[in-house]
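Undergrad: Output the structure for:
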Amino acid sequence: MSLSSLTVQREVATMRQVEEALARQVIYGGDFVTNLLEVARLDEGVLVSLVGESLGIAPAPAGELPPAPEGARALVPPELAALHSVVPLALEGNTLVLAVADTLPPDVAAHLAFALGLSIDQRAAPLVRVRQAMARAYGVPLERRMERLLTRLAGGVPASGSMPPPLGAAPPVAVAPSPPLRATTRGMPAA
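TA: All right, here's what the predicted structure looks like:
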């Protein structure tokens, strides 16, 4: 079942909030969870559990992700982390635990497991939390949108113009004038 359907079915968000998040995703980009967190104040722990359920993997801890031990962080290059929106959480025996906003493509997970000689255990986390952990672990700069959302999640008030406007408050769009019509004579354009 899709995450949007689960969210409504489990009454984590209203149908209106889900519809607005989906519309914002089309207009402003980003993933569904980021857009949903921008339009609704939700219990992040419940949302993380639903993300895990929809992806078919265990959830990562809710809230700010714990820092990865140096050994785990060294196994995942910053380029790979940025490309796939993953961040290491732990190295548990022969298993590398990764927080992911979306499951890794099977070929990427298999290649990484083979290259490292480790099993890969993926845990679901909101993209904003993965990016926050990437910024902390690798010094990757956060996008302004993510910074603003993190401020909101922490209970702060984002600065003015912090997020795209609610859909109902979009500025009016001016319609371009139509070109003037030319007079024609016997089906031929006027000279």
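Undergrad: Now do the contacts for Ser4.
TA: By C-beta atoms under 8 Å, 6 or more residues apart in numbering, the residues touching Ser4 are 18, 21-22, 32. To be clear about C-beta, it is placed using only N, CA and C from the backbone, and glycine gets the same treatment.
Undergrad: gap between the host helix or strand of it and the chain center?
TA: Using DSSP states H and E, Ser4 sits in helix 3-9. Here the centre of helix 3-9 is set off from its chain's centre by 16 Å, with C-alpha atoms, centre = their mean, to the nearest Å.
Undergrad: The very next helix or strand once past that helix - contacts with which helices or strands?
TA: Using DSSP H and E, the helix or strand that follows helix 3-9 in sequence is helix 15-28. Secondary structure elements in contact with helix 15-28, counted by 3 or more C-beta pairs under 8 Å, 6 or more residues apart in numbering; DSSP states H and E, are helix 3-9, helix 32-39.
Undergrad: rank those by mean pLDDT and give me the bottom one.
TA: In terms of mean pLDDT, the lowest-scoring of the helices and strands packed on helix 15-28 is helix 3-9 (a mean of 90).
Undergrad: mind listing what's buried in stretch 9-17?
TA: Within stretch 9-17, the residues that count as buried by 16 or more other C-beta atoms under 10 Å are 12-13, 17.
Undergrad: Look at Gly156 and report its pLDDT.
TA: So Gly156 comes in at 78 (pLDDT).
Undergrad: in which helix or strand would I find it?
TA: Gly156 belongs to no helix or strand, assigned by DSSP H and E.
Undergrad: got the residue ranges for the helices in this protein?
TA: 3-9, 15-28, 32-39, 44-55, 70-75, 78-84, 106-116, 127-138, 144-153 (DSSP state H).
Undergrad: Quick one: those as JSON lines, columns for distance to Glu92 too.
TA: Output for the helices of the chain, formatted as JSON lines (distance: least, C-beta to C-beta, whole Å):
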{"stretch": "helix 3-9", "distance to Glu92": "27"}
{"stretch": "helix 15-28", "distance to Glu92": "34"}
{"stretch": "helix 32-39", "distance to Glu92": "26"}
{"stretch": "helix 44-55", "distance to Glu92": "18"}
{"stretch": "helix 70-75", "distance to Glu92": "9"}
{"stretch": "helix 78-84", "distance to Glu92": "19"}
{"stretch": "helix 106-116", "distance to Glu92": "13"}
{"stretch": "helix 127-138", "distance to Glu92": "17"}
{"stretch": "helix 144-153", "distance to Glu92": "27"}
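Undergrad: which residues of this structure score low on pLDDT?
TA: In the predicted model, the chain carries pLDDT under 70 at residues 158-191.
Undergrad: residues near the nearest residue to Ala68 once chain neighbours are set aside, how many?
TA: Counting by C-beta to C-beta, 6 or more residues apart in numbering, Ala68 lies nearest to Pro88, which is 4.2 Å off, once chain neighbours are set aside. Using other C-beta atoms under 10 Å, Pro88 has 22 neighbouring residues.
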